[in-house]
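next come a sequence and a model predicted from it.
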Amino acid sequence: MAILVTGGAGYIGGHMVLALLDVGEEVVVLDDLSTGFAWAVPKPATLVIGDMGDTAALEAIFANHHIEAIAHFAAKIVVPESVADPLLYYLNNTAKARNLIEVAVRAGIRRFIFSSTAAVYGEPIVNPISEDAPPAPINPYGRSKLMVEWILEDVARARDFSYVALRYFNVAGADPAGRLGQSTPNATHLIKVAVQAALGRRPGMDVYGTDYPTPDGTCIRDYIQVSDLIAAHLLALAHLRDGGKSLVLNCGYGHGHSVNEVIDMVKRVTGIDFPVRLAGRRAGDPAMLVAGAARIRNLLGWSPRYDNLQEIVHEAYEWERKLPSITAKATDAARKG
Ligand code: UDP
């Protein structure tokens, strides 16, 4: 029996593939390689290059492999892009997920793990924010994901089908063993941008807003280390295999760091100073977003191991340093066929 990982050539999905292989699971990856990389999918996993909107491709996967559960990571994730091109996000994140769920249900799949997002909360009224807070997304990205949560809820009510939707807070860091990290060239995430600035791969960076109602005026986020996040997925899989009921769970540590704190940490860890410009606010950024983190600990027994900003930054830095040579090697290997 295999686990189908959509988006398994990407940052978070790729870490899921590694973790599944580490515990001896069989893995099939479906990825269109729009932002992921074939080199990120290790050999024992089967890589199918294709699109979740392609019903025939999905049917072929379910016909050729004994898929037991789906971990669905494939999505577009850039909030400003979702504001500029909402239909792209509703197609990619919502309509194609609906298609995946439909074909999966038809093929008899009963277990589904969904990468949701803290963006479903919009501008939280209280922090830490609990799963019981009414979702109120403020951008098409958050809405496109929330709609999938609703689809899953309705399908689970109608069929023999269970799911765990994990609402990610700010995912960061890299595999502690150094096998994988965030590799997307135009990534906009704070820690990635800051380590790129430290390495001189960009001239500097901007702080988006210094007048927020936070102690130092910059936004606060709950940065969760990617392997801790993936551990939550493995627990979710075990829960579903045990016949556990459908769940919607926050994935975060329950405390946050400001943008300034993160930048200071990057400078400290790397020992490199780089230009930081104090810029205006970015549209759609809530001042503070911190997970209510009790439910996942109580229901899945999740116990994070890497809750340490210094370590997270160190991993991100080490990965960024070696990324050019990994990419060059992969390009070389691809050329040689
Ligand atoms: N941020 C920033 N400069 C950057 C990238 C991000 O000041 O170059 C801020 C952003 O405004 C937010 C926080 O860092 O307050 C985290 O942003 P990111 O894009 O990493 O994740 P998000 O919280 O938007 O999902």
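Noted; the coordinates are in hand.

thinking residue 116 is in contact with residue 167, fair?
Yes - between residue 116 and residue 167 there is a contact under C-beta atoms under 8 Å: 4.6 Å. Yep, even glycine has a C-beta here, placed from its N, CA and C like the rest.

which neighbours do these two share?
Listed as contacting both residue 116 and residue 167 by C-beta atoms under 8 Å, 6 or more residues apart in numbering are residue 248.

tally of neighbours for the closest residue to the ligand within the chain?
Of the residues in the chain, the one nearest the ligand is residue 219, at a distance of 3.0 Å by C-beta to the nearest ligand atom. If you count neighbours by other C-beta atoms under 10 Å, residue 219 ends up with 25.

ok, it to residue 286 distance?
Between residue 219 and residue 286 the distance, using C-beta to C-beta, to the nearest Å, works out to 7 Å.

repeat for residue 275
Remark: distance between residue 275 and residue 286 (C-beta to C-beta) = 26 Å.

next, the distance between the ends of stretch 77-96.
Counting by C-alpha to C-alpha, to the nearest Å, you get 14 Å between the two ends of stretch 77-96.

for stretch 151-167, same thing?
End-to-end distance of stretch 151-167: 15 Å, with C-alpha to C-alpha as the criterion.

buried stuff in it?
151-152, 155-156, 161-167 (16 or more other C-beta atoms under 10 Å).

mind listing which of those residues are in helices?
Secondary structure assignment by DSSP state H places 151-152, 155-156 of the buried residues of stretch 151-167 in helices.

same list (those) but as TSV, adding distance to residue 302.
Written out in TSV, the entries for those read as follows (distance: C-beta to C-beta, whole Å):
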residue	distance to residue 302
151	25
152	20
155	25
156	21
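
burial count for the residue lying closest to residue 257 once chain neighbours are set aside?
For residue 257, ignoring the flanking residues on the chain, the nearest one in space by C-beta to C-beta, 6 or more residues apart in numbering is residue 309 at 5.6 Å. Residues within reach of residue 309, counting by other C-beta under 10 Å, total 21.

I'd assumed residue 258 was in contact with residue 309.
No - because the distance of 10.8 Å does not satisfy C-beta under 8 Å, residue 309 is recorded as not touching residue 258.

pLDDT added to the ones in helices among the buried residues of stretch 151-167, as a markdown table?
Compiled in a markdown table, those are given as follows (pLDDT from 0 to 100):
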| residue | pLDDT |
| --- | --- |
| 151 | 99 |
| 152 | 99 |
| 155 | 98 |
| 156 | 98 |
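
now do the contacts for the nearest residue to residue 211 once chain neighbours are set aside.
Distances taken as C-beta to C-beta, 6+ apart put residue 217 closest to residue 211, at 5.6 Å, once the chain neighbours are dropped. By C-beta under 8 Å, 6+ apart, the residues touching residue 217 are 209-211, 260.

since that was my last question, I'll sign off now.
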